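Student: generate a structure from the sequence data that follows.
(one chain, ligands or ions: 1)
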Amino acid sequence: MLQEENIKNKTDKFIVVTYNLSQFTHYEAGSSGKCPHCQHIVFFNTPREGKIVLPTGGIQYLDTKLSTESEDEREKVFVYSSQCPNCKKPIVVAKIEIEEKPPVYRLVHPFNVVRTAPSEVPEEIREDFLEAAVLPVSEKASAALSRRCLQHLLTERGYKGKDLNEQIEKVVKDLPPRIAENLDAVRVIGNFAAHPIKSKQTGLIVDVEPEEANWTLDVLEELFEYFYVQPKKAEEKRKRLEEKLKEIGKPPLKKP
Ligand SMILES: [Zn+2]
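Tutor: So this is what the prediction gives:
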């Protein structure tokens, strides 16, 4: 129990750190982030190395790191791994550096961030989200779908506008600061100013920034929680309280 408590405390602290624009989760051992298997916010552990049993009966331990580069040294790949202290599963990441561009991080194992959408989220929005979540192979397609999903969600919640950019501008005024900041980063990372078409025709497949696809999905998860899951929980709590008041013969609560 104590251990779980610890993780929880760290969680509160880390949401802020992890979602800072400059600090994406890259899953290195010793860093913090959301586990792609179990979705807990954790400190990633140093992984156990794999081993093979030799024909002679001995055991050979294998290195957990690998690096390789092209002949002209313009393309470099570093593979490293870590382990989640919560679900104990291994995570393998490839860091790819091509020429002078910023490095791109790709999950090797699990192949996808495991994502689910809460049952409280309306069906049409859930479908877009889950489809976007299984598409990291095509970042462009994933980002297009998650932008469309975001637009549906904001429209459904009453934030209408001539494009997604305007819808985001409206909703951030009503959101808790942390979520507002993360949502605003969707615009910044998505570079909507340079790609106004992304914001106007959200389902359109156009170039994306390397982190855009996963970032938008992360923010959608936060919005699901805020707009659908939390209000449902509050409503259930209220109902239980009202039943209790009735039982003891007190007048019902005032309407919220
Ligand atoms: Zn895990």
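Student: alongside the ion, which residues does the stretch 1-150 of the chain contribute?
Tutor: For the stretch 1-150 of the chain, the residues in contact with the ion (Cβ under 5 Å from the ion) are Cys35, His37, Cys38, Cys84, Asn86, Cys87. In short, each C-beta sits where N, CA and C put it, glycine included.
Student: doesn't Gln83 make contact with the second one?
Tutor: No: in this structure His37 lies outside contact range of Gln83 using Cβ atoms under 8 Å: 10.2 Å.
Student: could you name every residue contacting both of those two?
Tutor: Common neighbours of His37 and Gln83 (criterion: Cβ atoms under 8 Å, 6 or more residues apart in numbering): Lys89, Ile91.
Student: name the helix or strand for the residue most central in space within the chain, please.
Tutor: Centrality entry for the chain: nearest residue to the mean C-alpha point is Asp218, 2.8 Å, by Cα atoms, centre = their mean. Taking DSSP states H and E as the criterion, Asp218 maps to helix 212-224.
Student: in a helix, that's where Asn182 is, yeah?
Tutor: Yes: under DSSP: H, G, I helix; E, B strand; the rest coil, Asn182 sits within a helix.
Student: looking at His37 and Gln83, which is more packed in?
Tutor: Gln83 (20 against 17; other Cβ atoms under 10 Å).
Student: tell me the pLDDT of the more buried one.
Tutor: Looking at Gln83, its pLDDT stands at 94.
Student: ok, the one 10 residues further on next?
Tutor: As predicted, Val93 sits at a pLDDT of 89.
Student: and it, that one's in a strand?
Tutor: Yes: assigned with three-state DSSP, Val93 falls within a strand.
Student: quick one, domains of the chain?
Tutor: Domains of the chain are assigned by automatic domain parsing as 2-109, 123-236.
Student: show the end-to-end separation of the last one, please.
Tutor: End-to-end distance of domain 123-236 (Cα to Cα, to the nearest Å): 21 Å.
Student: follow-up on the earlier one: for the residues of the stretch 1-150 of the chain next to the ion, could you give me a markdown table that also reports distance to Val114 and secondary structure?
Tutor: Output for these, formatted as a markdown table (distance: Cβ to Cβ, whole Å; DSSP: H, G, I helix; E, B strand; the rest coil):
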| residue | distance to Val114 | secondary structure |
| --- | --- | --- |
| Cys35 | 9 | coil |
| His37 | 6 | coil |
| Cys38 | 8 | coil |
| Cys84 | 11 | coil |
| Asn86 | 13 | coil |
| Cys87 | 10 | coil |
